[in-house]
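Participant: Return atomic coordinates for the entry below.
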Amino acid sequence: MNATYETFALRYATLSSWPRSKAFHCFEVYGDPDTLIDLDYYFWLVRNDEHTVLVDCGYDKERGRARSRHQETSPIELLARMGVKPEDVDHVVLTHMHYDHIGNIALFPNATFSIARAELEYWTGPYADRPTISWPVESEEIRLVQQLATEGRLHLVEDSHELFPGLRLTRLPGHTPGQLITEVTTRAGQIVLASDALHYYEEADLDRPFGTCHDLVDVYRSYDILREMAARPHTVVVPGHDPAVMRRFTVVDDDCVDLAQPTYSQG
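Facilitator: Numbering: from 1, shown residues only. Sure, this is the predicted structure:
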């Protein structure tokens, strides 16, 4: 059984010139100038000769447009650049239920799906409809995830689960109650797809939480864990929205980078 994978970050959109004061929680306490940064939107392809797995699947084109978020490249086109058709995907990891991570689940008819039990229970719970809580999710997408469960296509992750040999899911709450990270074994070592447990490198570098978070203490705890992972030999932690990812790894096609081929020296 093949327990190593190719792992790619696929960028489908960019939010340009975003104020840091919107990106980071309580930004004013740091005393830094409010400069502009970009926010990239990714999903991730993890594959070997036995499995084709997506980690997240991006936001829906029309629902994204309603939020003034525009797809620059469709996820289907990005997958085609990697030689993958939607029907080839056999599993999709839903790291959390924010709209930009689960919007395209209906595109993958042959896939099963994983999500943290805590995540699904939170977004189907008694407080999830409060506007200050519900704004990052779409009710239609919550319904679609529930439908997957009804169809027997949804696996609920407790705290840690080996999805396939060499591919492990771990709940790392803070950004949301059931945020998952994905650890992948590659020929170059371990890749940790942090998704939104770490949006930008500087969150871990500066201990600076992102603007959207469910529990600040858990956010800081998650940063500690991700820093410990990054300190391991031959381990790379990849954030979920940082434009620097496109510079730190080898480009294999437009908006597609190979996370097993860094362009910088590894420890």
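Participant: Where do the strands of the protein begin and end?
Facilitator: 6-19, 36-47, 52-55, 91-93, 112-116, 154-157, 160-164, 167-171, 180-186, 189-195, 235-239, 249-253, 256-262 (DSSP state E).
Participant: Point out the most buried one among the ones you listed.
Facilitator: By mean neighbour count, with neighbours taken as mean count of other C-beta atoms under 10 Å, strand 52-55 ranks first of the strands of the chain at a mean of 26. Where you see a C-beta, it was placed from the backbone N, CA and C, and this is true even at glycine.
Participant: Who are the packing partners of that one?
Facilitator: strand 36-47, strand 91-93 (3 or more C-beta pairs under 8 Å, 6 or more residues apart in numbering; DSSP states H and E).
Participant: and those strands as a markdown table, adding distance to S17?
Facilitator: Formatted as a markdown table, the helices and strands packed on strand 52-55 follow (distance: least, C-beta to C-beta, whole Å):
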| stretch | distance to S17 |
| --- | --- |
| strand 36-47 | 4 |
| strand 91-93 | 31 |
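Participant: right, and those strands - which one's nearest D253?
Facilitator: Closest to D253 of the helices and strands packed on strand 52-55 is strand 36-47 (C-beta to C-beta; 11.3 Å).
Participant: Show the secondary-structure elements that that closest one is packed against.
Facilitator: So strand 36-47, by 3+ C-beta pairs under 8 Å, 6+ apart, packs with strand 6-19, helix 20-23, strand 52-55, strand 180-186, helix 245-248.
Participant: Now mean pLDDT too, for these, in TSV please.
Facilitator: What follows is those, written out as TSV (pLDDT from 0 to 100):
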stretch	mean pLDDT
strand 6-19	97
helix 20-23	96
strand 52-55	98
strand 180-186	98
helix 245-248	97
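Participant: which one of those lies closest to D207?
Facilitator: helix 20-23 (14.9 Å).
Participant: List of residues touching the closest one?
Facilitator: F27, E28, D32, D34, T35, L36, I37, L39, H199, Y200, F210, G211 (C-beta atoms under 8 Å, 6 or more residues apart in numbering).
Participant: Now do the residue of the chain most remote from its centre, the pLDDT please.
Facilitator: Here the centre of the chain is the reference, and by C-alpha atoms, centre = their mean the most remote residue is G31, at 29.5 Å. pLDDT recorded at G31 is 95.
Participant: Distance check, H98 against D218.
Facilitator: Note on H98: its distance to D218, by C-beta to C-beta, to the nearest Å, is 16 Å.
Participant: Contacts only, for the residue farthest from the centre of the chain.
Facilitator: Going by C-beta under 8 Å, 6+ apart, the list of residues near G31 is empty.
Participant: cool, P165 as well?
Facilitator: Counted by C-beta under 8 Å, 6+ apart, P165 has contacts M1, N2, A3.
Participant: What about the first one, how many residues nearby?
Facilitator: Okay, so that is M1. Look at M1: counted by other C-beta atoms under 10 Å, it has 7 neighbours.
Participant: Same check on the second one?
Facilitator: Taking other C-beta under 10 Å as the neighbour definition, N2 ends up with a count of 12.
Participant: For it, grab phi and psi.
Facilitator: phi -80, psi 120 (degrees, to the nearest 10).
Participant: so it touches L167, yeah?
Facilitator: No. The criterion here is C-beta atoms under 8 Å, and N2 misses it with L167 at 10.9 Å.
Participant: quick one on the thing from earlier: now the residue farthest from the centre of the chain: how far from Q190?
Facilitator: 36 Å.
Participant: and what of V145?
Facilitator: 28 Å.
Participant: same thing with G166?
Facilitator: G166 is 9 Å from Q190, where distance means C-beta to C-beta.
Participant: Among the helices and strands packed on strand 52-55, which comes closest to E72?
Facilitator: With C-beta to C-beta as the yardstick, what comes closest out of the helices and strands packed on strand 52-55 is strand 36-47 (8.8 Å).
Participant: ok, back up a step: which of H98 and D218 has more residues huddled nearby?
Facilitator: Higher neighbour count among H98 and D218: H98, with 24 against 18, using other C-beta under 10 Å.
Participant: on that earlier part again, mind listing the shared neighbours of G166 and Q190?
Facilitator: If you check G166 and Q190 against C-beta under 8 Å, 6+ apart, the residues they both contact are V184.
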